[in-house]
Structure formats: C-alpha cells, structure tokens
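> Take a look and give me a structure for this.
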Amino acid sequence: MTGLVRWRAWAGVVLLGLTFGQSAVADPTSYLENGKTYYRPATLQTSQLRGWEQLSDERKALIRHALTIPKQHGWLKYRFGGATPQAGGFDCSGAMYFVLRGLGFKIPRSSAQQYLWLKDAGNIHPIPAGVSRLDHSSFSLLTPGDLLFWSGTYRPTDGRKVNISHVSIYLGQEKDGRHVMIGATKGRSYRGKRGDGYGVYDFKLPAKTSRAKFIGYGPPVGLKK
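Predicted coordinates:
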C-alpha cells in the first residue's frame, strides 16, 4: 500500500467515525434527545448576586450550600423520585429535601407537602392570578433563600391535598438584573440553554396561556429572617 493510499484509508476511517460515532467531538456537558439539546445546568458564584452582603448569615449559608452541591457531585440529572446524589439525580422536591435536610431543616418530601409546611407556618406569600411580572407588588417580600412554588407543571397522581407540582430556591438577581433560582428540572433554561438536572435556572413567570401557574413563595420554616 502506497503512502497516498494509506492516508486515504486513514482519513476515511476518521471521517466514518466522526459521521456515525461522533465520539471524537462529543460534548461531555450536553446531549441530544428527540431533537432537543440539553445542557449540564449552570452554576454561579455568590459574588455574581446583587445584594449578597446584605443577606442574613442563615440565608447566605443556605444559598452557599445549595450552590456547592453540583460542584461536589458533578452533573446530577433530573431523576423522578430521586432525593440523593447516590440515586443519580433529583426530582424538584427531592433536591429541596436534600439541600434543606443537610442544614437541619425538617422539610417533608413532596412539593405539595413542602408548600403546606410553609403555609401551615404562615410563611407563604401568595401571588394573585394574572400577575405576569416580577416587579409586581406581590413580590416585594421575595428574598434570596425563599422557596418558589408552581402548579400545573405536570399532573400528579399521588392524591396530594394541594395542586403544587414544582419547587425551587430563589437565589436573587445577578448583577445584570436577571432573576435566578436553583433546583432540579428538565427543560427550563438559563441564558438560552435548556438544562437537565440540578443547577441554576432563570426565574421567570409562566406565560398567561401556560397550564403552569406560579402560586407563591416564602422562607423555609425555621429560617431566620
């Protein structure tokens, strides 16, 4: 085999590998599923958040702990029923359960139970129907470290007492004014990138035509102001 023939054969193998295997160019922080690209969720430094120094020590500890988890455990993808890194990932309420239990809070397991935990303690600030902007007066008490609650993100079948289906932790605003949160989800985005798993996401209210509704927010029971 001449040198030219050998080179052509080698090039053909490489091209074949790139075309069919894609292993030579695989991105370890994203994957393709049903025509959609999902990315490893973002992380932040506390220095990127507005008003960080004005928060209470207890709220700072909660947010630091929440932000540290993906750095300690790597990419924790969304896993329905997951509540520990050892399960390979979290669902939304499982992430809250892991984060807050790690700090000694007696938080229950499901998002509906977590909502009632706050409501029964008088900690829920409800959002009126039709509110579509985060600068509405009903958000005036929203503080980093608060839990955020939605309904209608999916249809629970466990007979829960309230129609709460999603929960995250509010992180505050980045220096450019973007509202952000941390939690476990699949399909929400941060700065235009669709994520899968536990990490930082944009906090936006659902569109008026969406089945999902934002219900309210409030501090975990026992969190000092």
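> Strands of this protein, residue ranges please.
Secondary structure of the chain (DSSP state E): strands located at 30-33, 36-39, 77-78, 83-84, 89-90, 125-126, 147-151, 166-173, 179-190, 193-202, 213-218.
> Let me know which of these is the nearest to residue 111.
Nearest to residue 111 among these is strand 166-173 (4.3 Å), distances taken as Cβ to Cβ. Glycine gets a C-beta too; all of them are placed from N, C-alpha and C.
> What mean pLDDT does the closest one get?
Average pLDDT, strand 166-173: 99.
> Can you check what angle separates it from strand 179-190?
Per axes from the mean of the first three to the mean of the last three Cα atoms, to 10 degrees, the angle that strand 166-173 makes with strand 179-190 is 120 degrees.
> Can you give me the end-to-end span of stretch 130-149?
16 Å (Cα to Cα, to the nearest Å).
> from here on, count from 41
Understood, numbering begins at 41; the last thing we discussed is stretch 170-189.
> Buried ones in that stretch, by neighbour count?
By neighbour count on 16 or more other Cβ atoms under 10 Å, the buried set for stretch 170-189 is 179, 182, 183, 184, 185, 186, 187, 188, 189.
> same for the helix ranked longest in the chain, what does it pack against?
Secondary structure assigned by DSSP state H gives helix 97-113 as the longest helix of the chain. Here helix 97-113 touches helix 132-141, strand 206-213, strand 233-242, going by 3 or more Cβ pairs under 8 Å, 6 or more residues apart in numbering; DSSP states H and E.
> Now with 10 Å, please.
For helix 97-113, the elements it packs on are helix 132-141, strand 206-213, strand 219-230, strand 233-242, judged by 3 or more Cβ pairs under 10 Å, 6 or more residues apart in numbering; DSSP states H and E.
> would CSV of the ones you listed with mean neighbour count and distance to residue 124 be doable?
Below are those laid out as CSV (neighbours: other Cβ atoms under 10 Å; distance: least, Cβ to Cβ, whole Å):
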stretch, mean neighbour count, distance to residue 124
helix 132-141, 24, 6
strand 206-213, 24, 17
strand 219-230, 22, 12
strand 233-242, 23, 11
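> All good on my end, thank you.
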